[in-house]
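Enquirer: The following comprises the amino acid sequence and a computationally predicted model.
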Amino acid sequence: MNWRLTREFGVFTREFWRFTREFGRFTREFGAFTREFGPFTREFGPFTRELAPYS
């Protein structure tokens, strides 16, 4: 059994879990932001179509 390899793998696993947790938090934040932004986008759609001929 190579102990150094095992220790390296342990460190990697811990770092990977930390990254996964951070990424999960980011995804949740982004999801909430998207939900907030949804109605605004729906409101903005018709407005953009109105402007299209003038651009």
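Expert: Alright, I've got the coordinates.
Enquirer: CA only for contacts and neighbour counts going forward, please
Expert: Will do.
Enquirer: Give me the phi and psi angles of the most centrally placed residue in the chain.
Expert: Using C-alpha atoms, centre = their mean, the residue of the chain that lies closest to the mean C-alpha position is residue 27, 3.7 Å off. Residue 27 adopts backbone torsions of phi -60, psi -40, taken as degrees, to the nearest 10.
Enquirer: ok, residues contacting stretch 45-55?
Expert: The contact list for stretch 45-55 (C-alpha atoms under 8 Å, 6 or more residues apart in numbering) is empty.
Enquirer: what about the helices in the chain?
Expert: Applying DSSP state H to the chain gives helices spanning 3-51.
Enquirer: can you list the weak-confidence ranges in it?
Expert: Where the chain drops to pLDDT under 70, the residues are 1, 55.
Enquirer: cutoff 80 now
Expert: Residue ranges of the chain with pLDDT under 80: 1, 48, 52, 54-55.
Enquirer: so how far is residue 38 from residue 17?
Expert: 31 Å (C-alpha to C-alpha, to the nearest Å).
Enquirer: I misspoke; the intended subject was residue 47.
Expert: 15 Å.
Enquirer: For stretch 25-36, list every residue counted as buried.
Expert: When neighbours are counted by 16 or more other C-alpha atoms under 10 Å, no buried residue of stretch 25-36 is found.
Enquirer: returning to that earlier point: what residues does the residue nearest to the centre of the chain make contact with?
Expert: Per C-alpha under 8 Å, 6+ apart, neighbours of residue 27: none.
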